[in-house]
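**Q** For reference, the sequence and a predicted model appear below.
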Amino acid sequence: MANIPLYGQNKDAVALDAVSNWAAPGFNEITVVTAADDSHTLTAADAGITVISAALADGAVIKLPRVNDSTLGLKFRLLYTGTMAGASKIQLENDDPAVFVGVVQQERCGNAVGVAEHATNVRMTTVVTTHAQQEKSMELDEDDVTFGGAIGTDLEFFYASTHAVIVTGNVLVNVATTALDGLQATMFTDAGY
């Protein structure tokens, strides 16, 4: 049986196209750190999974596309498989009306050389950001207990409305000896690109 949209549901092909794009993600890989500002700009065509295997330089920025009718319903999943060289960011445009809304889990993961879990320190916490906080940037630093972003970090950004990009996922930290300290006020900031 064919699915027939209700009257007005697929006006300008937006509603069904967005669902189609979300359900059938593409694949993109960031393999090299770019010159100059070390930024990587994703477009609507990059919706789906982006593997970040490059050792992102300190100050690197993953720039998400502007939220508009053509990006509504898209999902960008960022999977970190490379070790960061320093701090990096995931950002929305400064003049974009959308902001990050959602919750991420920050968790200790150790590292490839066998750093063990510390028995007495906090090993997992959650960080919530709301629409009222108006955040456009997510800060990452793999071995900083305030942020995180180690290999295995897996984040999703869902373009839910023209005012909200829902962020969910796991942010890993490769430090075993210090309690995690992920906070909304440090992990998320209001300055985009």
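**A** That came through fine.
**Q** so what does the one helix or strand Val104 maps to touch, helix or strand wise?
**A** For Val104, the host element (DSSP states H and E) is strand 99-108. The elements that strand 99-108 packs onto, with contact taken as 3 or more C-beta pairs under 8 Å, 6 or more residues apart in numbering; DSSP states H and E, are strand 124-129, strand 154-161, strand 164-173. In short, each C-beta sits where N, CA and C put it, glycine included.
**Q** please redo it, this time with the cut-off set to 6 Å
**A** Of the remaining helices and strands, those touching strand 99-108 by 3 or more C-beta pairs under 6 Å, 6 or more residues apart in numbering; DSSP states H and E are strand 124-129, strand 164-173.
**Q** looking at those strands, which is closest to Ser39?
**A** Closest approach to Ser39 among the helices and strands packed on strand 99-108 (C-beta to C-beta): strand 164-173, 18.0 Å.
**Q** partner strands of that closest one, parallel or antiparallel?
**A** Based on DSSP bridges, the pairing partners of strand 164-173 within the sheet are strand 99-108 (parallel), strand 154-161 (antiparallel).
**Q** CA atoms of that strand as CSV?
**A** Extracted as CSV, the C-alpha positions of strand 164-173 are listed here (Å, rounded to 0.1, in the frame of the first residue of the first chain):
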residue,chain,number,x,y,z
ALA,A,164,16.5,24.3,18.0
VAL,A,165,19.2,21.8,17.1
ILE,A,166,18.8,18.9,19.4
VAL,A,167,22.2,17.5,20.6
THR,A,168,22.5,14.1,22.2
GLY,A,169,25.3,11.5,22.6
ASN,A,170,28.4,10.5,24.5
VAL,A,171,31.4,12.6,25.2
LEU,A,172,34.4,10.5,26.3
VAL,A,173,37.3,11.7,28.5
